[in-house]
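Visitor: no sequence for this one, just the structure:
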């Protein structure tokens, strides 16, 4: 119908803008073709084997039958779609259940996909994007009557829109917050009322919703991605909150004990005695203040994987030890904080020696402390300890023998096995870790890595996209793994975008891991000059980080793609010698196909195969 074509043109214009700025996005229903020359006017959209959110929930038996993690992941994926649109300068303005499509009711969470559709009443908000549209001749469609701020569905509209004020990205966040609220209470017909918070028992989710519903838009989440990251890290945030609350309780008890001591010393002794009897997890020290400080260190390691987290953890653990010099657990976790400094942030600065001294002290105080063996084993598997896989595996197995439920031992075994090419055994180990500790985010991204090695790239990418950024050991790992997965899927263009966007951040501007992987992408695309520039940057980086063997590997791949076989072999050997002797990867990687049939590479592969079998015989994974 001619009277409807203006709306269609608006929608197509927005999608063209999104496509130019974002490319294909897994959570946005894209447009394939448009037909506006003559009636009937129509558009051809991507086919999504999905149903709208309300119908999808009904197919599960009602919203309350959908597991909470699944509900949160649906909202997180829609938030990622909004983030992409907002970065392109487009707001949606009609986020509601009928515009959210969910795929295949029977699929597990790791395979579920939510897509945002119907940008028909959206509008451009970025002046830069608007200027681009003007050049393309699209501005008229963007200024149509449909751009009124009152367009949309009232149940989900932000208050500023109802008041006739301009729409913004944070208006979309408000609308998505209403969807989240309805998913949490299990009722899509329920409007937002002033007493909505009474129906949300989880304090963290209540806090998230408050940041969606703030009356002043500037007090809401700064971006849709912030909401997505928060929802995907709910369990980690719960644990961090519990640790903080526990530390607060201990401080309060300590203060009360100090007051009692002023009255009579004997009452303080009785208070400590009673406290220890009723708090069985107070292990390894009789000093309440030492335990309080230790908990602060644990919270830092748990909730902040960055340099600041490791630095703060070291300070708290050292203060705990000052209060109790025989506190074995504090020494063990201090060693772990030192290890992180050495392998992720400041290699070659003496942190390795500090870690070794601390873990030796822990084991001298508590020879049967399982957690200490987990840490000591992981210290062996570092560049400073020349990747001693045998001692690492022995320590992890000793930890499991002492405590079958010890946290981290099975994860560390998976880390070693995947680097040795034992993918099946690595998957079994990480699945055991997840069974024992189902909220361990480290194990989720490790599982994604193993799935890639098993060539299950689609499943791996979905899993990696579901893991919150703070779950990765450092900020470089998430974009590296996602970029690698996209490369393996043949999507070099999207992989380049992911890597270059991260390298544009000051913290990662010359990151060797990301730069070396991007060098191999450029080489595969025939961009030899760009590849060589990235290789030179990667070579300049410190080679004592725990990811360095991957840097060497992708430098080797880049040279192989550019047919510089001598350099390729030099860097591949270096990768294998520095903790990455993965025979399967060397043998299967399409980036190394130019080397196959060459005598030097054939001999190298045979050496790696023999080493692979020797490791299997010695380690018996």
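Guide: Nice, thanks for sending it over. Model, not experiment: these values are computed from the prediction. Residues are numbered from 1 along each chain as shown.
Visitor: next one: stretch 13-32 to chain centre, how far?
Guide: 24 Å (C-alpha atoms, centre = their mean, to the nearest Å).
Visitor: report the buried residues of it.
Guide: Of the residues in stretch 13-32, 13-18, 21-22, 25, 27-31 count as buried by neighbour count, 16 or more other C-beta atoms under 10 Å. Bear in mind the C-beta positions are built from the backbone N, C-alpha and C, glycine included.
Visitor: I'd like those as CSV, with pLDDT and secondary structure appended.
Guide: Compiled in CSV, the buried residues of stretch 13-32 are given as follows (pLDDT from 0 to 100; DSSP: H, G, I helix; E, B strand; the rest coil):
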residue, pLDDT, secondary structure
13, 73, helix
14, 71, helix
15, 70, helix
16, 73, helix
17, 73, helix
18, 72, helix
21, 74, helix
22, 72, helix
25, 86, coil
27, 91, coil
28, 89, strand
29, 86, coil
30, 78, coil
31, 73, strand
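Visitor: out of those residues, flag the one nearest to residue 183.
Guide: residue 27 (16.3 Å; C-beta to C-beta).
Visitor: residues contacting the closest one?
Guide: Counting by C-beta atoms under 8 Å, 6 or more residues apart in numbering, residue 27 makes contact with 77-78, 80-81, 84, 113-116.
Visitor: and which of those is nearest residue 335?
Guide: residue 80 (37.3 Å).
Visitor: quick check on that closest one: phi, psi?
Guide: phi -60, psi -40 (degrees, to the nearest 10).
Visitor: residues contacting it?
Guide: Contacts of residue 80 (C-beta under 8 Å, 6+ apart): 25, 27, 224-225, 228, 465.
Visitor: need the max-distance pair from those.
Guide: 224 and 465 (14.5 Å).
Visitor: tell me which of those two has more neighbours.
Guide: residue 224 (27 against 21; other C-beta atoms under 10 Å).
Visitor: report pLDDT for residue 193.
Guide: For residue 193, the model assigns a pLDDT of 87.
Visitor: and the gap between it and residue 155?
Guide: Counting by C-beta to C-beta, to the nearest Å, the gap from residue 193 to residue 155 is 12 Å.
Visitor: between these two, which is the more surrounded one?
Guide: Higher neighbour count among residue 193 and residue 155: residue 155, with 15 against 9, using other C-beta under 10 Å.
Visitor: need the contact list for the more buried one.
Guide: 96, 178, 191.
Visitor: one more time with 10 Å
Guide: 96-97, 175, 178, 182, 188-192 (C-beta atoms under 10 Å, 6 or more residues apart in numbering).
Visitor: now for the spatially closest residue to residue 66 that is not a sequence neighbour, how many residues are close by?
Guide: Excluding the flanking residues, the one nearest residue 66 by C-beta to C-beta, 6 or more residues apart in numbering is residue 60, at 5.1 Å. Residue 60: 15 surrounding residues under other C-beta under 10 Å.
Visitor: do you know how far residue 60 is from residue 77?
Guide: 17 Å.
Visitor: and the host helix or strand of residue 300, how far out from the chain middle?
Guide: Assessed by DSSP states H and E, residue 300 sits inside helix 288-303. Its chain's C-alpha centre and that of helix 288-303 lie 24 Å apart, by C-alpha atoms, centre = their mean.
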